[in-house]
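K.L.:
Could you look at this predicted model? Sequence included:
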Amino acid sequence: MPIPPDTLREFLDTEYRVRLARGGCAVIRIGEPLPRALHACMQDERTPWGFITAWNPWAKRLSRALNRVRQRELLIALRERGAVMRPGVGIGTGENLWREPSLFVVGPDFATLDALGQRFEQAAIVRGLGYGNAELRVLV
């Protein structure tokens, strides 16, 4: 089940916002370097990171209650893997404005992030290494 082109474009245009400890947020954008405000979260330039959610599997809307249950399960799974996390939200910028509570996670390798994305039925996740560019990792 490939991602429809309009949905893929929405993912590429989304603002992936990470809440900062002292207020405000940093915005991750596909194809751009990790924002400087998030560099302190990295151990070094090779530290893997991701931006992931359990909301709306396969990009299909679910109820808020069910999405919250799924997000708690993701949070538990990430804690079990020793991830360092910051709260975030994905915000669509196109005609279909949407918001998905998400997590900016540091530590789990790409294979683990991909596996969690697949476990929580995500069409795609965002990931990167250290201060490098954010990439959209399509999982379907």
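P.N.:
Perfect, thanks for sending it. Here the structure is a predicted model, which means the values were calculated and not measured.
K.L.:
pLDDT of stretch 74-81, averaged?
P.N.:
Averaged across stretch 74-81, the pLDDT comes to 97.
K.L.:
What residues of it count as buried?
P.N.:
Within stretch 74-81, the residues that qualify as buried are 74-75, 77-78, counting by 16 or more other C-beta atoms under 10 Å. Glycine gets a C-beta too; all of them are placed from N, C-alpha and C.
K.L.:
Output that stretch as PDB, nothing but the C-alphas.
P.N.:
Backbone C-alpha positions of stretch 74-81 (Å, rounded to 0.1, in the frame of the first residue of the first chain) are rendered in PDB as follows:
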ATOM      1  CA  LEU A  74       4.600   4.000  22.200                       C
ATOM      2  CA  LEU A  75       5.900   6.000  25.200                       C
ATOM      3  CA  ILE A  76       6.300   2.900  27.200                       C
ATOM      4  CA  ALA A  77       8.000   1.100  24.400                       C
ATOM      5  CA  LEU A  78      10.500   4.000  24.000                       C
ATOM      6  CA  ARG A  79      11.200   4.100  27.700                       C
ATOM      7  CA  GLU A  80      11.900   0.400  27.700                       C
ATOM      8  CA  ARG A  81      14.600   1.100  25.000                       C
END
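K.L.:
quick revisit: and the buried residues of stretch 74-81, which of them are in helices?
P.N.:
Within the buried residues of stretch 74-81, residues falling in helices by DSSP state H are 74-75, 77-78.
K.L.:
Is the residue positioned nearest the centre of the chain in a helix, a strand, or coil?
P.N.:
Geometric centre of the chain, nearest residue: F51, 2.1 Å, by C-alpha atoms, centre = their mean. Using DSSP: H, G, I helix; E, B strand; the rest coil as the criterion, the local structure at F51 reads strand.
K.L.:
Can you list the buried residues in stretch 121-136?
P.N.:
122-131, 134, 136.
K.L.:
Tell me which two of those residues sit farthest apart.
P.N.:
Distances among the buried residues of stretch 121-136 were taken as C-beta to C-beta; the most separated pair is A123 and Y131, at 26.4 Å.
K.L.:
what number of residues lie near the spatially closest residue to C41 that is not a sequence neighbour?
P.N.:
Leaving out its chain neighbours, the residue that sits closest to C41 by C-beta to C-beta, 6 or more residues apart in numbering is V106, at 5.0 Å. A count of neighbours around V106, defined by other C-beta atoms under 10 Å, yields 17.
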